[in-house]
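Undergrad: next comes the sequence, and after it the predicted model I'd like to discuss.
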Amino acid sequence: MAKITTTKKATAAVKERDSAINHALDELRAAELCMEAVRNDGTAIVYVPYEFRTLELCLEAVRQNGGALKYVPDEHRTPELCLEAVRSSGDAIVYVPDRLRTAELCLQAVKNCYCAFEYVPDELRTLEICFAAVKHDGDTLRFVPFSLRAQIKAALNKR
């Protein structure tokens, strides 16, 4: 694709295909154009120049696609932004720094995608989080702490 040389063409191209932002001349990659790209596809953040990766843009990106958290600068990886990412895609937990993995965030991730259970720290594997994982996939029971297995089995039998 040739370089996009006008704002009008850049805006039209990004609305059609978010990765088109990568072909816009650097001076055309304004904040508004970048925001439009991540609204269409959160992972378009990868094409956004670093100076335009504001907290607002990053939040929009992870709401649209939790996996966009992979491209969010560390200084914007707040508890709130990370929670939004796992609400959008539970498997985005892999990009959440360990220090931000709370019980609330882990529960949300597991409810959204049971496979996120693999990334829940042992000390946060509560009855509620374990049950959320096991009710979606019984094989997950083998990763539940022994001390909780009987309670999980009993809860499943009541259903």
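TA: Good, I have the coordinates.

Undergrad: which ones are touching the residue positioned nearest the centre of the chain?
TA: Nearest to the geometric centre of the chain sits residue 66, at 2.1 Å (C-alpha atoms, centre = their mean). The neighbours of residue 66, taking C-beta atoms under 8 Å, 6 or more residues apart in numbering as the test, are 42, 84, 85, 86, 87, 88, 89, 90, 91, 92. The C-beta positions use only the backbone N, C-alpha and C, and glycine is treated the same way.

Undergrad: scan the residues you listed and report the most crowded one.
TA: residue 85 (32 neighbours; other C-beta atoms under 10 Å).

Undergrad: so which elements touch the helix or strand hosting that residue?
TA: Applying DSSP states H and E as the criterion places residue 85 in helix 79-88. Where contact means 3 or more C-beta pairs under 8 Å, 6 or more residues apart in numbering; DSSP states H and E, helix 79-88 is packed against helix 55-64, helix 103-112.

Undergrad: nearest to residue 73 among the contacts of residue 66?
TA: residue 85 (13.6 Å; C-beta to C-beta).

Undergrad: how near is residue 39 to residue 82?
TA: Residue 39 is 20 Å from residue 82, where distance means C-beta to C-beta, to the nearest Å.

Undergrad: can you check residue 115 too?
TA: 17 Å.

Undergrad: quick one: whichever helix in the chain runs longest to chain centroid distance?
TA: With secondary structure taken from DSSP state H, the chain has its longest helix at helix 146-158. Centroid displacement of helix 146-158 relative to its chain, using C-alpha atoms, centre = their mean, to the nearest Å, is 30 Å.
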